[in-house]
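>>> my questions are about this predicted structure, shown below with the sequence.
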Amino acid sequence: MSAAFAPQAATLPLLEELLRIVERGPAELQAQSLGEVEAAGSRWPLLAVSLGNPDPSLPAVVYVGGVHGLERIGAEVVLAYLGSLVMRLPWDGLLRAQLERQRLVFMPLVNPAGLWLGTRANPQGIDLMRNAPLDAEEPAAFMVGGQRISAGLPWYRGESGAPMAPESQALCELVERESRDRLFTLALDCHSGFGLSDRIWFPYAGSSRPMPHLAEVHALVELMDRCQAQHPYVVEPQSRQYLAHGDLWDHLYRHACSRSSGLLLPLTLEMGSWLWIKKNPRQLLTRHGIFNPLIAHRQQRVLRRHMAWLDFMGRVACSAAHWLPRGEDRRPHEQAALARWFRRTGA
């Protein structure tokens, strides 16, 4: 384990696994600390790992996990994919050719102290996915949409006007730095705990109106539907399920839209943890069981299930110039997207 990144005092198996991957990786794999967080006298680094060509003219993918400490499976999916890439690099010439044309960035453990504590929030009780400095444009879901009543209650946003939590700041700074000068960046954030289906959400979380790059999202989903016809995902704007304040991806996407060039498309994988509970109702007896598969073979099945999508998204980003709609080609995608996702809102 690298002494530069080793946690102080308490151990965290997922962090140890990330450090093992870094040690096994080739020289071109770069790890950097974006800061550190503390809880109960222990400290953990906020680590990012990157592979591929750093040329800012090339597309990038940012893989994110562990935003909510209870949703351990999200971090495990990202770690499993990173580990697979590292094991393939010594012999996979096609992967090496792909990495010459793009950059891959990983932040698998955004909330390491929350993972150690087994809490959704960080040690200060802040739900990082409700922590950005923006409010929903329409009434948000009570409590689940974010609240400022108390850090002792779930979905706490943090104090009004306060800086974002260190974990939120580190993630936002990483995504903004990696996407700022690029023509195209995908961000893939892995979560669990919603419903009986695996869902892929795109902005907005805080508004029911369509996002400006709806045409690009539709073109991407059309690729998924054609090339991975048996994929298990329900793709939709998050607003179709509920509205929330302070969504980090709304914040980052809006900031990217304010720039004169470049496109950031954030997607959130929301694994349907109710499926695991349906197969094993005893999981309801533990907090971790509500959000994670607890049986070993089921966990392995979940990891395999999403590996193809993570890999496909890397290829999609690498070849963005061949499928992103331009000019008048955007209009039919936009119309099809409005019919598919916004018909019932009258948009």
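Right, received. Where do you want to start?

>>> and stretch 139-154, which residues are buried?
140, 145-147, 151, 154 (16 or more other C-beta atoms under 10 Å). All C-beta spots, glycine's among them, are computed from the backbone N, C-alpha and C.

>>> JSON lines for these, including pLDDT?
Compiled in JSON lines, the buried residues of stretch 139-154 are given as follows (pLDDT from 0 to 100):
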{"residue": "140", "pLDDT": "96"}
{"residue": "145", "pLDDT": "97"}
{"residue": "146", "pLDDT": "98"}
{"residue": "147", "pLDDT": "98"}
{"residue": "151", "pLDDT": "97"}
{"residue": "154", "pLDDT": "96"}
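
>>> pull the contacting residues for residue 159.
With contacts defined as C-beta atoms under 8 Å, 6 or more residues apart in numbering, the neighbours of residue 159 are residue 148.

>>> ok, back up a step: which of the buried residues of stretch 139-154 sits closest to residue 206?
Ranked by distance to residue 206 (C-beta to C-beta), those are led by residue 140 at 7.1 Å.

>>> that closest one and residue 206 touch, don't they?
Yes - because the distance of 7.1 Å satisfies C-beta atoms under 8 Å, residue 140 is recorded as touching residue 206.

>>> what is in contact with these two at once?
The contact sets of residue 140 and residue 206 overlap at 243-245 (C-beta under 8 Å, 6+ apart).

>>> so residue 48 makes contact with residue 104?
No - proximity of residue 48 to residue 104 does not meet the contact threshold set by C-beta under 8 Å, at 11.1 Å.

>>> what are the boundaries of the helices in the stretch 101-250 of the chain?
Remark: helices assigned in the stretch 101-250 of the chain by DSSP state H, counting those that start in this stretch are 112-117, 166-179, 214-227, 248-257.

>>> possible to save the ones you listed as CSV with distance to residue 337, mean neighbour count and mean pLDDT?
Formatted as CSV, the helices of the stretch 101-250 of the chain follow (distance: least, C-beta to C-beta, whole Å; neighbours: other C-beta atoms under 10 Å; pLDDT from 0 to 100):
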stretch, distance to residue 337, mean neighbour count, mean pLDDT
helix 112-117, 35, 25, 96
helix 166-179, 22, 21, 98
helix 214-227, 4, 19, 97
helix 248-257, 16, 22, 97
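
>>> how about those helices in TSV, adding distance to residue 343?
What follows is these, written out as TSV (distance: least, C-beta to C-beta, whole Å):
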stretch	distance to residue 343
helix 112-117	38
helix 166-179	31
helix 214-227	13
helix 248-257	22
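
>>> nearest to residue 313, of those?
So among the helices of the stretch 101-250 of the chain, helix 214-227 is nearest, using C-beta to C-beta, at 8.6 Å.

>>> can you list contacts of that closest one?
When contacts are defined by C-beta under 8 Å, 6+ apart, helix 214-227 is touched by residues 202, 211, 231, 233, 235, 263, 265, 312, 316, 323-325, 330-331, 333-334, 336-338, 340-341.

>>> need the strands for the protein, in chain order.
Secondary structure of the chain, counting by DSSP state E: strands at 30-39, 42-52, 60-65, 103-107, 184-192, 198-202, 233-237, 263-271.

>>> deepest of the ones you listed, which one?
The highest mean neighbour count among the strands of the chain belongs to strand 60-65 (a mean of 26), with neighbours defined as mean count of other C-beta atoms under 10 Å.

>>> tell me the mean pLDDT for it?
Confidence over strand 60-65 (mean pLDDT, whole number) is 98.

>>> okay, now the unreliable bits of the stretch 201-347 of the chain?
344-347 (pLDDT under 70).

>>> at 50 what do you get?
345-347 (pLDDT under 50).

>>> thinking again about what came up before, between which two of the buried residues of stretch 139-154 is the distance greatest?
Taking C-beta to C-beta, the two most distant members of the buried residues of stretch 139-154 are 140 and 151; they sit 18.3 Å apart.

>>> run a quick neighbour tally on residue 276.
24 (other C-beta atoms under 10 Å).

>>> now do residue 285 against residue 279, distance only.
Using C-beta to C-beta, to the nearest Å, residue 285 is found at 15 Å from residue 279.

>>> have a look at the two and say which one is more surrounded.
For the pair residue 285 and residue 279, the greater number of neighbours falls to residue 279 (11 against 8), based on other C-beta under 10 Å.

>>> what about the closest residue to the more buried one other than its chain neighbours, how many neighbours?
The shortest distance from residue 279 to any residue that is not its chain neighbour, by C-beta to C-beta, 6 or more residues apart in numbering, is 7.2 Å, and that residue is residue 298. Residue 298 is surrounded by 16 other residues when neighbours are defined as other C-beta under 10 Å.
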